[in-house]
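Engineer: I need the structure of the sequence given here:
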Amino acid sequence: QVQLVESGGGLAQAGGSLRLSCAASARTFGRYYMGWFRQAPGKEREFVAAIAWSTAGPYYADSVKGRFTISRDNAKNTMYLQMNSLKPEDTAVYYCAGGRGISIATMDYWGQGTQVTVSS
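Structural biologist: Numbering: from 1, shown residues only. Prediction:
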């Protein structure tokens, strides 16, 4: 069983930055696809970014491309999401996930989520 724990959420102003971290418990962390998803109130969970264990990717949703950067440190079993030029519409609970692919359906493990709030 893989446990994922997010940290780094909080409140930011529009145009500001936040950095999310996701710590994984598994020693096999390096073999998983890892991704970030988000869910705003009243909306479905959506893909934000993902990164493969190999050199494939990274992958980004069009809404965050050029503003967010996903990275991972397999030696530390940790994944990151650097969020720059934040917009109010980025406000959501952000979830870290790991699995066999980059879609919601292929993610097998999920963190508890961390709130990101962007004020205008």
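
Engineer: for the residue nearest to the spatial centre of the chain, phi and psi?
Structural biologist: The centroid of the chain falls nearest to residue 36 when counting by Cα atoms, centre = their mean (2.4 Å). Dihedral pair for residue 36: phi -120, psi 140, per degrees, to the nearest 10.

Engineer: ok, how many other residues are close to the nearest residue to it once chain neighbours are set aside?
Structural biologist: Nearest non-adjacent residue to residue 36, counting by Cβ to Cβ, 6 or more residues apart in numbering: residue 48, 4.3 Å away. (Each C-beta comes from the backbone N, C-alpha and C, glycine too.) Counted by other Cβ atoms under 10 Å, the residues lying close to residue 48 total 23.

Engineer: and what of the one 5 residues further on?
Structural biologist: Residue neighbour count, defined by other Cβ under 10 Å, stands at 16 for residue 53.

Engineer: same deal with the one 3 residues further on?
Structural biologist: Residue 56 sits with 11 neighbouring residues when counted by other Cβ under 10 Å.

Engineer: from residue 80, how far out is residue 24?
Structural biologist: According to Cβ to Cβ, to the nearest Å, residue 24 and residue 80 sit 12 Å apart.

Engineer: the two: which has the busier surroundings?
Structural biologist: Neighbours per residue (other Cβ under 10 Å) separate residue 24 from residue 80, with residue 24 holding more: 24 against 20.

Engineer: give the contact list for the residue nearest to that one when sequence neighbours are not counted.
Structural biologist: Once flanking residues are discounted, residue 24 sits nearest to residue 77: 4.6 Å by Cβ to Cβ, 6+ apart. By Cβ atoms under 8 Å, 6 or more residues apart in numbering, residue 77 lies in contact with 23-27, 29.

Engineer: same check on residue 72?
Structural biologist: With contact taken as Cβ under 8 Å, 6+ apart, residue 72 is in contact with 34, 51, 78-80.

Engineer: cheers, nothing more for now.
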